[in-house]
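1. next comes the sequence, and after it the predicted model I'd like to discuss.
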Amino acid sequence: MHALVTGGGGFLGRAITEQLLARGDTVTILSRGRYPEVEALGAKGVQCDLSAPGDTLVNTLRDVDIVFHVASKTGVWGPRESFFSANVTGTRNLLAAAKAAGVSRFVYTSSPSATFDGKDAEGKTEAQAPYPDHFEAPYPESKAVAERAVLEANTADFATTALRPHLIWGPRDPHILPRLITRHKQGRLMRIGAGQNKVGITFIDNAAVAHLQAADVLAPGAPNAGKAYFITDLDPVSLWPWINGFITGVGLPPIQRSVSAGFAKFVGGVLEWVWRTFNRPGEPPMTRFVAAEMATSHWYDLTGARTDFGYAPLVGPEDGLERAISWAKDEMAAGRL
C-alpha cells in the first residue's frame with residue numbers, strides 16, 4: 001500500500017508514518033517544510049502548501065492508494081481566517097486533488113472539539129454529540145467544517161472517514177505535556193473547577209494505530225465509510241489527579257492552587273477582549289474555550305470504533321504514563337523542557 005500522510009513530520013503524523021513503515025507500506029509525507037529525520041526512516045518527503053497547492057498535489061497523489069490527512073493548524077487563539085485557510089480550504093483542496101488523482105480512500109484526523117458545546121459530555125456516542133450551534137474558538141469551528149466536507153465527500157468510489165482522537169499525549173508531545181511543565185514552573189498552573197471531571201485522553205501510539213485500523217477496513221460501502229469516530233484510550237481519567245501524577249512524576253511539586261470554573265471563564269473572556277482589542281502578541285494565558293475544556297467532563301463511548309473497524313489500543317494507561325514521564329525527565333535534564 002502506498003500511503004500519503006500530510007503533516008507526516010508532526011507528532012501524530014510521524015507516529016502514523018512510523019507504524020506504516022514498520023509493517024512494510026510505502027509512505028510519502030507531505031508538509032510545508034522538510035523533515036530529514038522522518039525521510040531517513042524510509043519516507044519520501046514532498047513540500048506543498050495545501051491552501052495553495054498548484055499542480056504539485058495532484059501529481060504527488062497519482063500513485064497513492066490512501067491519504068491520511070493529519071496536518072492541521074491547532075491552537076486556542078488566532079485569526080479565524082488563518083484556521084479556515086489551513087483546516088478548511090486545505091482539506092477541500094486535498095479532497096479535490098485526491099479524487100482527481102484516482103485515490104480511493106481518505107482518512108481525516110478530526111477532533112472531539114468539533115462537537116464540544118462547553119458542557120459535560122460523558123459517555124456520549126457519535127450520534128449523541130452533534131455539531132454545536134456556537135463555537136468558543138475558531139479551531140474547533142474549522143475542524144467541524146472540514147470534517148463535514150470529508151464525510152460529505154464519501155461516494156461509491158471514494159471512501160472517507162474521520163477520526164476524533166482526544167488530547168493526544170506521550171513521548172515527543174510538542175503541546176500538552178510541555179505546556180503543563182512550563183506553566184507549572186512559571187507558577188501559572190492551577191486547577192480549574194472542582195477537580196472531579198473525567199476526560200478521555202489518547203496515548204500517541206493508540207491514536208496512530210486507530211488510523212491504521214480504520215484505513216485497513218475502509219472501502220466504499222464499508223461500515224466506517226462516511227462516518228466519524230471518537231478515539232481515546234479505553235477508560236477516561238480523572239483529569240486533575242492525572243495531571244498531578246504526571247507533574248509529580250517528573251519531580252515537580254503537586255498543584256496547590258485552584259480557581260472556580262466560572263471565574264476562569266470570566267477571566268478568559270476579559271483576556272480575549274484585551275488581546276483582540278489591543279492586538280496583543282501570542283495567545284491569552286486563559287480563554288473561555290480552555291476554561292471550559294479543563295473544567296468539564298468529556299469522554300466518549302468507543303463502541304462505534306471498536307465495532308466498525310476493530311479499534312484496539314496498543315498501550316495501557318500505566319505503561320503510557322511511565323513512558324511519558326521518562327521522556328519528559330530526559331527532556332528536562334537536557335534543558336529542552
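-> Now that the structure is in, tell me what you want to look at. The structure displayed is predicted, hence computed values, not measured ones.
2. torsion angles phi and psi at residue 191?
-> Residue 191 adopts backbone torsions of phi -70, psi 140, taken as degrees, to the nearest 10.
3. for it, give its distance to residue 241.
-> From residue 191 across to residue 241, the span is 10 Å (Cβ to Cβ, to the nearest Å). Quick note: C-beta positions are derived from backbone N, CA and C, even for glycine.
4. over to residue 274?
-> Taking Cβ to Cβ, one finds residue 274 at 33 Å from residue 241.
5. per-residue pLDDT, the residue in the chain sticking out farthest from the centre?
-> Distance to the chain centre peaks in the chain at residue 278, reaching 30.2 Å (criterion: Cα atoms, centre = their mean). With respect to pLDDT, residue 278 scores 90.
6. can you get me the start-to-end distance on stretch 88-107?
-> End-to-end distance of stretch 88-107 (Cα to Cα, to the nearest Å): 15 Å.
7. quick one: contacts of that stretch?
-> Residues outside stretch 88-107 that contact it (Cβ atoms under 8 Å, 6 or more residues apart in numbering) are 4, 6, 50-51, 53, 57-58, 61-62, 64-69, 71, 108, 142, 145-146, 149-150, 153, 157-163, 211, 214-215, 218-220.
8. now, which of those residues lie within helices?
-> If you go by DSSP state H, those have 57-58, 61, 142, 145-146, 149-150, 211, 214-215 in helices.
9. any idea which of those residues is closest to residue 256?
-> The closest of those to residue 256 turns out to be residue 142 (Cβ to Cβ; 36.3 Å).
10. now for the closest one: which residues touch it?
-> 73, 80, 83-84, 86-88.
11. which of the contacts of stretch 88-107 are buried?
-> Using 16 or more other Cβ atoms under 10 Å as the burial test, the contacts of stretch 88-107 include 4, 6, 50-51, 53, 57-58, 61, 64, 66-69, 71, 108, 142, 145-146, 149-150, 153, 158-163, 211, 214-215, 218 as buried.
12. I'd like the mean pLDDT over stretch 206-225, please.
-> 98.
13. what helix or strand does the nearest residue to residue 337 once chain neighbours are set aside sit in?
-> Excluding its sequence neighbours, the residue lying closest to residue 337 (Cβ to Cβ, 6 or more residues apart in numbering) is residue 331, at 4.2 Å. Element membership for residue 331, per DSSP states H and E: helix 317-333.
14. what about the nearest residue to residue 109 once chain neighbours are set aside, neighbour count?
-> Setting aside the residues directly before and after it, residue 109 is nearest to residue 70 in space (Cβ to Cβ, 6+ apart), at 4.5 Å. Applying other Cβ atoms under 10 Å, we find 27 residues neighbouring residue 70.
15. ok, back up a step: next, give phi and psi for the residue farthest from the centre of the chain.
-> According to degrees, to the nearest 10, residue 278 has phi -110, psi 10.
16. likewise residue 175?
-> Residue torsions, per degrees, to the nearest 10, at residue 175 are phi -120, psi -80.
17. OK, contacts around it?
-> 11, 74.
18. swap the cut-off to 7 Å and go again
-> Going by Cβ atoms under 7 Å, 6 or more residues apart in numbering, residue 175 touches no other residue.
19. that one and residue 1: what is the separation?
-> The value you get for residue 175 to residue 1, if Cβ to Cβ is used, is 29 Å.
20. wait, isn't residue 174 in contact with residue 11?
-> Yes - between residue 174 and residue 11 a contact is recorded at 5.6 Å, counting by Cβ atoms under 7 Å.
21. the two: who's more crowded?
-> A count of neighbours by other Cβ under 10 Å puts residue 11 above the other of residue 174 and residue 11, at 21 against 10.
22. okay, now the unreliable bits of the stretch 151-300 of the chain?
-> For the stretch 151-300 of the chain, no stretch has pLDDT under 70.
23. residue ranges of the helices in it, please?
-> 176-185, 204-217, 239-249, 261-278, 288-295 (DSSP state H, counting those that start in this stretch).
24. quick one, grab the pLDDT at residue 144.
-> 98.
25. surely it and residue 130 touch.
-> No - counting by Cβ under 7 Å, residue 144 stays clear of residue 130, with 10.0 Å between them.
26. mind checking which of the two has more residues around it?
-> residue 144 (22 against 10).
27. what is the burial count for the closest residue to residue 326 other than its chain neighbours?
-> Closest residue to residue 326 apart from its sequence neighbours, by Cβ to Cβ, 6+ apart: residue 171 at 7.8 Å. Neighbours of residue 171 under the rule other Cβ under 10 Å: 19.
28. any idea how far residue 171 lies from residue 197?
-> Counting by Cβ to Cβ, the gap from residue 171 to residue 197 is 25 Å.
29. and residue 255, by the same measure?
-> Counting by Cβ to Cβ - residue 255 and residue 197 are separated by 14 Å.
30. give me the more crowded residue out of those two.
-> In this view residue 255 and residue 197 are compared by other Cβ under 10 Å, and residue 197 has more residues nearby, 22 against 18.
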